[in-house]
Structure formats: C-alpha cells, structure tokens
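Trainee: Build me a model from this:
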Amino acid sequence: MTGRPPARRRSGRRPRRRRGQQQESQFVTACVVTVAAVGLLVMVVNWLVAHWWLLLIVVLLMSLGGFGWWQHRTQRAQWEQTQARALRYGLAQLDSLTHRQFEHAVRDLMRRDGCADAIQVGGQGDLGADVKATDPYGRRWVLQCKHRRNGDYGSAVGTPDLQVLNGTGRPVHKADVVVMVTNGRITQPGRAFAKEQRLHLVDRRLLGEWAAGSRPLWQLLRAVPPPRRPTARP
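Mentor: Numbers count the residues shown, from 1 in each chain. Coordinates of the predicted model:
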C-alpha cells in the first residue's frame, strides 16, 4: 500500500508580490489624483486672473451681506436690551403664571438687571436651582422659585425648602448669592434659618417691589457679598 505524496508547501512569495502590486497601484492612483488636483487648481487660478472682476463682485457682495447681517444683529440686540429694561410685572400677573412661567419671569428680571447669562434650569434633578445668573459685578447667583397660585393665601415656604437650597446653593452650584423667591409667604422659622445660613429671601412684598420697579435685586437685598470685579455700572 503506497502512501500519498507529501503536500507541497505553499510559497509565501505570491502574497508579497500582490501586496507590492497593490501598494504600487495605490501610489500611482495618488499621483494621478494629485496631478489632477494641481491641474484643476492652476486652471481655476488662471480663470480667476482672467476674470478678476467677477471675483471682485463676489467679494463686494459677501462684504455687503456680512455688513447687513452684523447691522441686523446689532439692532436686534439693542431692541432686546430696550425691551428688557422696560420689563415690569404686577403681582396679579405673577400669581396667574404657572410654576415654570414664574421661573422664566424671574430669569427675565435678572436679565433686565444686567445678568446677560441668566438661564432657567429648574426641572427634575435641578438640585435646588431654578435660575442661575452672573451679575455685572461678577457674583454668581442661584435662585430657587416657589410659586403659589393663591399668593399670600397659599402654603408658606418653610425651613425644609430652605434647607434643600442651603445644601446645594454654595457647595454644588458654587453660588455667591443664594436666593429663595416666592410670590407667597415665608415662615418665621424659615426666616430665622435663612439669616443663620446667609440665605436671601424675596417674599411677596419684596418681589412686588422688584418686579414692578427698575432697581436691580442686589440693591434691594441686605448684606449682599462684595463685587468680584469692578464695573462702571451704577
């Protein structure tokens, strides 16, 4: 019984040749693409040189368009600033808002006062912050909003609400000024706790003065921290 002849070992030269051919083909392709791109660029440059007046027209149109866009944006910003400075709310108007609308109203009042970066952040997982802002003096503000549809006749804001705000205002949000804002009442124990923890309170009376007037909130509150940076704003 004859055994099978031993299998021939495959030579490793063919795969190497194929790899070399592929690399050579890729190199040739890259050279062709480069030459074509350079040729196209030369053609475009020559065409632009021959038709320089078209390029000039395009540049002028782009310049006019950019100037018009800048002017429109500037006018819009000025109009928004004028509208913000004229913003006023009455207590009855604030009472009629939903809680989320109340947060937006507080945000808008902070913007009116000069806090250009004021944002509404209230919602699930807000960690006690409904509005955040930086005033023109560089101080960081965190405001929690408690809206009561019945105003003074609604449930009062008490110590538990203030404890939540105190636990996150400075440690989590890094605020310089921590404020509780409500269109209702604040309990006496809550006021005592706020005084101990250097929390600022905006109750219905102070809210009415702030929302219907033109003075910024930091001029209405007592013992606000000193500015972080100088400013020409009064």
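
Trainee: what residues go with each domain of the chain?
Mentor: 17-83, 89-220 (automatic domain parsing).

Trainee: Now that we have the ones you listed, can you turn them into CSV and tack on mean neighbour count?
Mentor: Where C-beta positions appear, they are placed from N, C-alpha and C, glycine not excepted. Output for the domains of the chain, formatted as CSV (neighbours: other CB atoms under 10 Å):
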stretch, mean neighbour count
domain 17-83, 10
domain 89-220, 18
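
Trainee: Export those domains to a markdown table and append columns for distance to Pro226.
Mentor: Rendered in a markdown table, the data for the domains of the chain read as follows (distance: least, CB to CB, whole Å):
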| stretch | distance to Pro226 |
| --- | --- |
| domain 17-83 | 26 |
| domain 89-220 | 8 |
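
Trainee: Out of those, name the one with the poorest average pLDDT.
Mentor: Looking at these, the lowest mean pLDDT belongs to domain 17-83 (a mean of 77).

Trainee: my hunch is that Gly184 is in a strand, does that hold up?
Mentor: No: checked against DSSP: H, G, I helix; E, B strand; the rest coil, Gly184 lies outside a strand; its state is coil.

Trainee: if I pick it, what's in contact with it?
Mentor: If a contact means CB atoms under 8 Å, 6 or more residues apart in numbering, then Gly184 has Lys146, His147, Arg148, Asn150, Gly151, Asp152, Gly154, Ser155, Ala156, Val157, Asp203, Arg204 as its contacts.

Trainee: run the last query once more with 10 Å
Mentor: The contact partners of Gly184, taken as CB atoms under 10 Å, 6 or more residues apart in numbering, are 95, 146-157, 203-204, 207.

Trainee: If we ignore the residues flanking it in sequence, what's nearest it?
Mentor: For Gly184, ignoring the flanking residues on the chain, the nearest one in space by CB to CB, 6 or more residues apart in numbering is Arg148 at 3.5 Å.

Trainee: what distance separates the longest helix seen in the chain from the centre of its chain?
Mentor: Counting residues, the longest helix found in the chain (DSSP state H) is helix 13-50. Offset of helix 13-50 from its chain centre (CA atoms, centre = their mean, to the nearest Å): 46 Å.

Trainee: Could you count how many residues lie near Ala223?
Mentor: Using other CB atoms under 10 Å, Ala223 has 8 other residues around it.

Trainee: For Val35, see how far away the residue nearest to Gly184 is.
Mentor: 76 Å (CB to CB, to the nearest Å).

Trainee: Going along the chain, name the strands of this protein.
Mentor: 119-120, 131-134, 140-146, 177-182, 200-202 (DSSP state E).

Trainee: a markdown table for these, including distance to Val224?
Mentor: Formatted as a markdown table, the strands of the chain follow (distance: least, CB to CB, whole Å):
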| stretch | distance to Val224 |
| --- | --- |
| strand 119-120 | 21 |
| strand 131-134 | 13 |
| strand 140-146 | 10 |
| strand 177-182 | 6 |
| strand 200-202 | 7 |
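
Trainee: Which of those strands sits closest to Asn166?
Mentor: Nearest to Asn166, of all those, is strand 177-182, at 7.1 Å by CB to CB.

Trainee: what angle separates that closest one from strand 140-146?
Mentor: 20 degrees (axes from the mean of the first three to the mean of the last three CA atoms, to 10 degrees).

Trainee: Could you list the paired strands of strand 177-182 along with their orientation?
Mentor: strand 140-146 (parallel), strand 200-202 (parallel) (DSSP bridges).
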